[in-house]
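S.K.: based on what follows, work out the 3D shape:
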Amino acid sequence: MSLLMLIKQAATEAVDASNPVGVFFGTIKSTTPLEIDIDQRFVLTKEFIVLTEGTKELRYGDTILRPALKTGDRVVLLRIQGGQQYIVLEKVRNP
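M.R.: So this is what the prediction gives:
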C-alpha cells in the first residue's frame with residue numbers, strides 16, 4: 001500500500017471516529033418481524049435493531065399507558081458507530 005493510500009485511510013478513520021453516532025428517522029414497516037424503513041433508502045431488520053424501554057408497551061392493569069410500536073409509526077434512531085446496529089430511541093409524535 002502506498003504512502004498516499006495510508007494517509008487517506010488514516011484521515012478517513014479520523015473523520016469516522018469524530019462522528020460516533022448518526023441520527024435517523026424511520027417508519028415501522030412491519031412489527032412481526034420488526035422492520036424499519038429508513039427514509040426509503042434501506043430497511044432495517046430485527047438483527048440490526050435495539051429497542052429501549054421507552055419503545056415497548058407499558059400497561060397498568062387493563063390500562064395501556066404507552067402503546068407498543070405499530071406499523072406506520074415514525075421513530076428516531078441512533079446509529080451506533082460502524083453502522084451495524086441502530087437504537088430505536090423514541091416514537092415521533094405528529095403535532
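S.K.: show me what the longest strand along the chain is packed against.
M.R.: In the chain, taking DSSP state E as the definition, the longest strand is strand 21-31. With contacts taken as 3 or more CB pairs under 8 Å, 6 or more residues apart in numbering; DSSP states H and E, strand 21-31 sits against strand 34-38, strand 74-80, strand 86-92. Where C-beta positions appear, they are placed from N, C-alpha and C, glycine not excepted.
S.K.: which residues sit against the second one?
M.R.: This means strand 74-80. 21-28, 36, 38, 44, 50, 55, 69, 85-92, 94 (CB atoms under 8 Å, 6 or more residues apart in numbering).
S.K.: ok, back up a step: do you know which of the helices and strands packed on strand 21-31 lies nearest residue 13?
M.R.: strand 74-80 (16.6 Å; CB to CB).
S.K.: just the C-alpha atoms of the closest one, please, in PDB.
M.R.: Extracted in PDB, the C-alpha atoms of strand 74-80 (Å, rounded to 0.1, in the frame of the first residue of the first chain):
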ATOM      1  CA  ARG A  74     -42.300   7.200  12.800                       C
ATOM      2  CA  VAL A  75     -39.300   6.700  15.100                       C
ATOM      3  CA  VAL A  76     -36.000   8.400  15.900                       C
ATOM      4  CA  LEU A  77     -33.000   6.100  15.600                       C
ATOM      5  CA  LEU A  78     -29.300   6.400  16.700                       C
ATOM      6  CA  ARG A  79     -26.800   4.600  14.500                       C
ATOM      7  CA  ILE A  80     -24.000   3.000  16.600                       C
END
